[in-house]
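J.: Got a sequence here, can you model it:
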Amino acid sequence: MSIAAHILRAGLRCFVSRGLEPEPQIDLLRRRMKAVLWVTPFPPRGTQAVRLEANGVKVVRIATPQSLDERCILYLHGGGYVMCSPPHYRDFIWRIARAAAARVVCPYYRLAPEHPFPAALDDAVTAYSWLLAQGSDPRRLAIMGDSAGGGLALATLLRLRNEGLALPAAAVALSPWTDLALTGDSMRGNASADLTMRYGRAASFARHYLGGADPRHPYASPLYGNAAGLPPTLIQVGSDEILRDDAVRMAEKLRAAGSPVEIEVWPRMHHVWQLYARVLPEGRHAIRRIGAFIETQMNPSS
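T.: Just a heads-up that it's a prediction; the model follows:
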């Protein structure tokens with residue numbers, strides 16, 4: 001583990017993990033996240049960010065000088081289904097666009113509790129269908145997300161397959177939340193190691209998002225779905241996360257169903273460490289791996 005990772009862990013332990021309320025107030029969390037935008041760096045010069053509307057769903061499309069017009073990634077942000085938005089990811093999305101030589105489309109999907117399940121899923125499917133209608137070749141499409149967005153990306157794949165839509169060439173899930181029933185052993189086993197999440201907080205987010213729906217519904221918790229016929233998937237997760245088993249069990253489910261999957265469990269990494277790529281060598285390395293994976297799936301001959 002790098003020196004930067006040790007320093008970041010110490011900072012997270014002091015300033016984040018000590019303030020993780022088991023029953024967080026959504027309005028307070030959103031105000032805190034709004035304040036974070038003031039210190040979130042902007043992309044480098046040459047990055048293009050365009051706001052569009054995808055059949056009623058607002059999206060932002062990010063492209064770097066390396067982005068190829070024919071390649072596109074639908075990125076679904078995290079935030080427990082209750083907070084965050086594309087601007088919170090402005091120092092990360094461009095890195096994915098550059099690494100994968102693709103344009104990235106990030107939807108402002110609706111958030112709970114105002115818009116409970118399946119509103120976020122409906123918006124993700126709408127945005128993907130819009131990309132197809134715009135002429136995107138599914139062989140040059142990928143779907144990606146982190147945390148709740150990682151689970152949402154996998155749930156979107158299940159629904160696209162079930163509804164007979166063309167599936168993308170690849171999927172990437174970073175620390176995906178795949179089990180809103182919270183049954184993984186790491187949910188409690190990693191409680192003292194995880195610096196950014198707690199069982200009580202995850203349970204609160206799940207209640208807000210589900211709004212009374214079955215936590216084992218495959219479109220809410222893709223771990224309980226039929227994983228057959230899904231595209232090649234890369235999963236990255238940190239060993240210290242409470243969501244570690246959500247990722248590991250999802251990979252096992254995909255493999256058992258015959259769907260190609262690669263899983264990387266990064267030693268001592270915290271939840272979605274890739275977002276800290278500006279200061280974290282492990283984050284930059286993980287992003288390079290993502291770019292190489294997407295490149296391989298979109299250009300099999302390479």
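J.: for the longest helix along the chain, which positions count as buried?
T.: For the chain, the longest helix by residue count, based on DSSP state H, is helix 281-298. Within helix 281-298, the residues scored as buried using 16 or more other Cβ atoms under 10 Å are 282-284, 286-287, 289-291, 293-295, 297-298. C-beta: built from backbone N, CA, C; applies to glycine.
J.: Name the spans of the stretch 1-150 of the chain whose pLDDT lies under the cut-off.
T.: 15, 17-22 (pLDDT under 70).
J.: how about the helices in it?
T.: Listed in chain order, the helices of the stretch 1-150 of the chain (DSSP state H, counting those that start in this stretch) span 3-15, 26-36, 93-100, 119-133, 148-162.
J.: so which of those helices gets nearest residue 229?
T.: Ranking those by distance to residue 229, with Cβ to Cβ as the measure, places helix 148-162 first at 5.7 Å.
J.: Tell me the bridge partners for residue 263.
T.: residue 235 (DSSP bridges).
J.: For residue 172, what are phi and psi?
T.: The main-chain torsion angles of residue 172 are listed as degrees, to the nearest 10 and equal phi -130, psi 130.
J.: Report the contact partners of it.
T.: Contact criterion Cβ atoms under 8 Å, 6 or more residues apart in numbering gives 142, 143, 144, 145, 153, 233, 234, 235, 236, 290, 293, 294 as the residues in contact with residue 172.
J.: In PyMOL, select just the buried ones from those residues.
T.: The following PyMOL line selects those of the contacts of residue 172 that are buried, judged by 16+ other Cβ under 10 Å:
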select buried, resi 142+143+144+145+153+233+234+235+236+290+293+294
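J.: can you put the contacts of residue 172 in CSV and add distance to residue 249?
T.: Listed next are the contacts of residue 172 as CSV, based on distance: Cβ to Cβ, whole Å:
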residue, distance to residue 249
142, 23
143, 20
144, 20
145, 17
153, 16
233, 13
234, 16
235, 10
236, 15
290, 21
293, 21
294, 24
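J.: Among the contacts of residue 172, which one sits closest to residue 266?
T.: Within the contacts of residue 172, distances to residue 266 taken as Cβ to Cβ reach their minimum at residue 236, with 6.6 Å.
J.: these two touch, right, the closest one and residue 266?
T.: Yes - the criterion here is Cβ atoms under 8 Å, and residue 236 meets it with residue 266 at 6.6 Å.
J.: okay, and the common contacts of these two?
T.: If you check residue 236 and residue 266 against Cβ under 8 Å, 6+ apart, the residues they both contact are residue 286.
J.: on that earlier part again, out of the buried residues of helix 281-298, which comes closest to residue 59?
T.: The closest of the buried residues of helix 281-298, once distances to residue 59 are taken by Cβ to Cβ, is residue 294, at 19.1 Å.
J.: what residues are up against the closest one?
T.: 73, 99, 100, 102, 142, 170, 172.
J.: List just the nearest of those residues to residue 253.
T.: For the contacts of residue 294, the residue nearest residue 253 by Cβ to Cβ is residue 172; the value is 16.6 Å.
J.: Excluding chain neighbours, what is closest to the closest one?
T.: Leaving aside its sequence neighbours, residue 172 sits nearest to residue 144 (Cβ to Cβ, 6 or more residues apart in numbering; 4.2 Å).
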